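Trainee: Structure for this input, please:
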Amino acid sequence: GVRVMLDGISLSDGNAGSLGSLTSINISDVDRIEVVPGSASALYGSEAVGGVINVITKMPTKKEYRLKYLRGFNDAERNIAEASYRDRWENGLALALTAHYEDMAGFADNNPVVLPVTGVGNGRNAVQGGRKTTTSAGVPAYVVGDRGATPSHAAYFNARLYYALDANSRFFASFAHTESHVGFNDFHNYLTRNGQPLNLPTSNVSINGDRLGTVRPTSFWDTSNPNLREENRYIVGYDGRLGEKYDLKVNLGYFDRKGYYVASGTGATFRDGPGTNTNTPNTTLDGSLQLGTAISEKHYLIGGYALTRGTLDRKVYQLSRWRDPENSRTRVNEESSGTSTNHALFLQDQFFFNDALTFYLGGRYDRWTTSGVAKKYVGSPTGVFDSPERTHSAFSPKFAAVYRWTDTLTLRGSAGSGFKAPSNFSLYATPMQHGQY
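Mentor: Reported below is the predicted structural model:
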């Protein structure tokens, strides 16, 4: 995988280890994006086996005010409003504030209903209105409708404070809040028979001599909406010099996230009836201390310590009205919680053989600890599935070489390994997966 970071802090969440929200990163606040191709697992862990992308925010250089409003129409119907303020003072302090709001009407054609052809039609329940296409696997199919537009809104606010000691060293702190909500609209059934909309469900449906079989109303439902995501992000750090000989990077970030999605249940209709609401609140604490020094003109040594801690507190609620997840909870069907912590020590030697060839040799020692519990109250199996604390350690070596053939052509090669711990979701989300790693 590729490790994506903001000011040196990983954006992976504490649930499934997936990439968190990027919406609060305004392009005008970005100073540069550092990309490290190839294996970087010695310095950054198993997430960086495929490389690293680090977004570095920009320290303001002068006082700036900015107001923006955009309006989209037709297929791009939306409203976007944004305000920002940046300033820098002579004492080295700098401040950046940004607020952003966006609402989108959605686009129904982005969510088509595609039914594959299952054979030759027999003429019964012949219909019109479908559009020929193929599935992603190349099977003949028809577009028979859409699941409706998905209106949504998104908003974020971020504040960043900097203090520059000199041209090469700075302290920074930031806070960001993001949220997004996706709703739903009525679906559209394109199929007609004798000029009238086709009633659903209908079996033995055929079109142009091709059999579609039974067409059910649930095929037209977007059963993941509404859904919600919120995140609060706190980051502090230092990037600069330590005395005359050392380069120091210290980063600490804390993320508090919550979100949910829904699913319809047996007997549900498009707008009402039973269902479930899965909530996945989680937190991550991510920090590192990295110290580098030039041993000679041809050697640069980096060493440090990294900490990652993720927690999950998942609940699945039974709903009496699946489209109203916040006001129709009747019970908890299952719940689980888990905590995983990883401590790591790393060291990397960078050797400049000549102006064109550079060698990297490094290693990383990880010590991972986890514990959690899964509780299931309905279905099978039911019960409490407790997992006491357990620990695993691993050493991951790395070797890499970079040869700059020309100013426009660089050859890279690397070999190494990385310790990949399972996510809290894979360990504790359901009793079926509990305890596997």
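
Trainee: pLDDT weak spots in the protein?
Mentor: 1, 17-24, 37-42, 46-50, 431-437 (pLDDT under 70).

Trainee: max-length strand in it?
Mentor: Longest strand of the chain, by residue count under DSSP state E: strand 329-352.

Trainee: got the angle between the following helix or strand past that strand and strand 329-352?
Mentor: Past strand 329-352, further along toward the C-terminus, the next helix or strand under DSSP states H and E is strand 357-376. Comparing the axes of strand 357-376 and strand 329-352 via axes from the mean of the first three to the mean of the last three C-alpha atoms, to 10 degrees yields an angle of 160 degrees.

Trainee: partners of strand 357-376 in the sheet?
Mentor: Strand 357-376 pairs in its sheet with strand 329-352 (antiparallel), strand 383-404 (antiparallel), by DSSP bridges.

Trainee: list the buried ones in it?
Mentor: Neighbour-count burial for strand 357-376, with 16 or more other C-beta atoms under 10 Å as criterion, is recorded at 358, 360-364, 366, 368-372, 374-376. No exception for glycine: its C-beta is placed from N, CA and C like everyone else's.

Trainee: for the residues you listed, which one is nearest Asn122?
Mentor: Lys376 (45.3 Å; C-beta to C-beta).

Trainee: Quick one: residues contacting the closest residue to the closest one other than its chain neighbours.
Mentor: Distances taken as C-beta to C-beta, 6 or more residues apart in numbering place Glu334 nearest to Lys376, at 4.4 Å, with adjacent residues excluded. Under the criterion of C-beta atoms under 8 Å, 6 or more residues apart in numbering, the neighbours of Glu334 are 315-316, 374-379, 430.

Trainee: what's the farthest-apart pair in those residues?
Mentor: Lys315 and Gly379 (14.9 Å).

Trainee: which one of these two has more residues nearby?
Mentor: Lys315 (18 against 10; other C-beta atoms under 10 Å).

Trainee: May I have the beta-bridge partners of the more buried one?
Mentor: When assigned by DSSP bridges, Lys315 has beta-bridge partners Asn279, Glu335.

Trainee: Would you confirm that it contacts Arg331?
Mentor: No: checked against C-beta atoms under 8 Å, the pair Lys315 and Arg331 is beyond contact range at 10.5 Å.

Trainee: list the buried ones in the longest strand of the chain?
Mentor: Buried, per 16+ other C-beta under 10 Å, within strand 329-352: 329, 333-342, 344, 346, 348-351.

Trainee: And for stretch 132-145?
Mentor: Using 16+ other C-beta under 10 Å as the burial criterion, the residues of stretch 132-145 that qualify are 141-145.

Trainee: same check, this time on stretch 190-201
Mentor: Going by 16+ other C-beta under 10 Å, stretch 190-201 has these buried residues: 190-191, 198, 200.
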